[in-house]
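Visitor: Need the 3D shape of this:
(one chain, ligands or ions: 2)
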Amino acid sequence: MRRYSVDPLEVDTVVLTHLHGDHFAGLPFLFLDGRLVSGRDDPMNVVGPMETGARLRVAMDALFAGSSPENLPFRVRIREYEATRPVTAGEFTVTAFPALHSPGSNPHAIRVEVGGKVVAFSGDSAWTPGLAEASRGADLFICESYTYDTQMPNHLDYKTLLEHRDELGCKRIILTHMGSGMLEKLDQVELETADDGMKVVLG
Ligand SMILES: [Zn+2]
Ligand SMILES: [Zn+2]
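Guide: Residues are numbered from 1 along each chain as shown. Ligands and ions are numbered 1, 2, ... in the order given. Below is the predicted model of the structure:
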């Protein structure tokens, strides 16, 4: 965030798709920044699947012993969603759909509505109709593409995504969560791909 001049104080809501470390274990560091570096006063919303509050507490205590959402100098408001039931946090309305990923991580694809725009994110998921539901009519669908054509459990490959392209009613797709095999084949990929520091403006 520092490298790309993203001010941590501008982040007021974080939406989680599932409880794997590469998707939520940055939060204790974001909180630490708020406490020690940025001088955060404003509340932070965290929206995630069931057990988000409990797992976040465990992660915080493991990484910074004794820390918890309660002893920060700003409020952390945790909202836990259930599939297909919209929840609101600040200006955001979040609707989650079941994803096909490690069950213990409580995986979902999410659909976020804000300012008249819809952004969907697959999180981590093998192909499942929930991805089409989450991205229906979305202005932007951010979708994982872990491999190019190697099918593996719990993750989506680019070729499988292309086979289902017509089922996605979204206006734009940006691929993310790309593994080494996928990154090596970027010159053969027709869809947009994400890059660190990329800023997307929805017109
Ligand atoms: Zn995962
Ligand atoms: Zn992941």
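Visitor: quick one: which helix or strand includes residue 46?
Guide: Using DSSP states H and E, residue 46 sits within strand 44-49.
Visitor: roughly how far is that strand from the heart of the chain?
Guide: The chain centroid and the centroid of strand 44-49 are separated by 11 Å, computed with Cα atoms, centre = their mean, to the nearest Å.
Visitor: Please work out which residues outside it touch it.
Guide: Contacts of strand 44-49 from elsewhere in the structure, counted by Cβ atoms under 8 Å, 6 or more residues apart in numbering, are 11-19, 24, 27, 30-31, 34, 52, 56, 74-81, 87, 89-90, 92, 94, 96, 106-108. (Each C-beta comes from the backbone N, C-alpha and C, glycine too.)
Visitor: wait, is residue 34 part of a helix?
Guide: Yes. The secondary structure assignment for residue 34 places it in a helix, going by DSSP: H, G, I helix; E, B strand; the rest coil.
Visitor: Of the contacts of strand 44-49, which belong to helices?
Guide: Counted as lying in helices by DSSP state H, out of the contacts of strand 44-49, are 24, 27, 30, 31, 34, 52, 56.
Visitor: So the third one sits against residue 8, correct?
Guide: The reference is to residue 30. Yes. Using Cβ atoms under 8 Å, residue 30 makes contact with residue 8 at a distance of 6.2 Å.
Visitor: Distance check, residue 160 against residue 124.
Guide: Applying Cβ to Cβ, to the nearest Å, one obtains 14 Å for the distance of residue 160 from residue 124.
Visitor: Those two: who's more crowded?
Guide: In this view residue 160 and residue 124 are compared by other Cβ atoms under 10 Å, and residue 124 has more residues nearby, 23 against 15.
Visitor: list the contacts for that one?
Guide: With contacts taken as Cβ under 8 Å, 6+ apart, residue 124 has the following neighbours: 17-18, 20, 23, 99, 101, 105, 107, 144, 146, 154-155, 177.
Visitor: Can you flag the buried ones in those?
Guide: Burial of the contacts of residue 124 was assessed by neighbour count (16 or more other Cβ atoms under 10 Å); the buried members are 17, 18, 20, 23, 99, 101, 105, 107, 144, 146, 155, 177.
Visitor: Now render those as JSON lines, adding pLDDT and distance to ligand 1.
Guide: As requested, the buried ones among the contacts of residue 124 are exported to JSON lines (pLDDT from 0 to 100; distance: Cβ to the ion, whole Å):
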{"residue": "17", "pLDDT": "98", "distance to ligand 1": "8"}
{"residue": "18", "pLDDT": "98", "distance to ligand 1": "6"}
{"residue": "20", "pLDDT": "98", "distance to ligand 1": "3"}
{"residue": "23", "pLDDT": "98", "distance to ligand 1": "6"}
{"residue": "99", "pLDDT": "98", "distance to ligand 1": "9"}
{"residue": "101", "pLDDT": "98", "distance to ligand 1": "5"}
{"residue": "105", "pLDDT": "98", "distance to ligand 1": "5"}
{"residue": "107", "pLDDT": "98", "distance to ligand 1": "7"}
{"residue": "144", "pLDDT": "98", "distance to ligand 1": "9"}
{"residue": "146", "pLDDT": "98", "distance to ligand 1": "10"}
{"residue": "155", "pLDDT": "98", "distance to ligand 1": "8"}
{"residue": "177", "pLDDT": "98", "distance to ligand 1": "9"}
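Visitor: If anything else comes up later, I'll come back, but that's it for now.
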